[in-house]
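A.B. asks: What follows is a protein structure lacking sequence information:
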């Protein structure tokens, strides 16, 4: 190799930017909020199909519902 062709790489083990970590946290919080809404909010829905689906999920995850 000659001196004029240098190749440098940088690799960070963690997050490269604070914005990436913030984005990941927002995505996780959004997914958790949606999941909680499906488990708890849909259970009060008027539609029997949505109510029964949420009810079945609560039984499968061993959550009390009665």
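C.D. replies: The structure has been received and is ready for your questions. Since this is a predicted model, take the numbers as computed values, not measurements.

A.B. asks: the helices in the chain, which residues?
C.D. replies: For the chain, applying DSSP state H gives helices covering 18-36, 48-60.

A.B. asks: Okay, angle between the first one and helix 48-60 too, please.
C.D. replies: What separates the directions of helix 18-36 and helix 48-60 is an angle of 110 degrees, with axes from the mean of the first three to the mean of the last three C-alpha atoms, to 10 degrees.

A.B. asks: For residue 36, give its distance to residue 42.
C.D. replies: 10 Å (C-beta to C-beta, to the nearest Å). C-beta here means a position set from N, CA and C on the backbone, and glycine is covered the same way.

A.B. asks: now do residue 23
C.D. replies: Computed as C-beta to C-beta, the residue 23 to residue 42 distance reads 27 Å.

A.B. asks: These two: who's more crowded?
C.D. replies: Set side by side, residue 23 and residue 42 show more neighbours around residue 42, with 15 against 12, by other C-beta atoms under 10 Å.

A.B. asks: mind listing what that one touches?
C.D. replies: 50, 51, 53, 54 (C-beta atoms under 8 Å, 6 or more residues apart in numbering).

A.B. asks: which one of these has the most neighbours?
C.D. replies: Counting by other C-beta under 10 Å, top hit in those: residue 54 with 20 neighbours.
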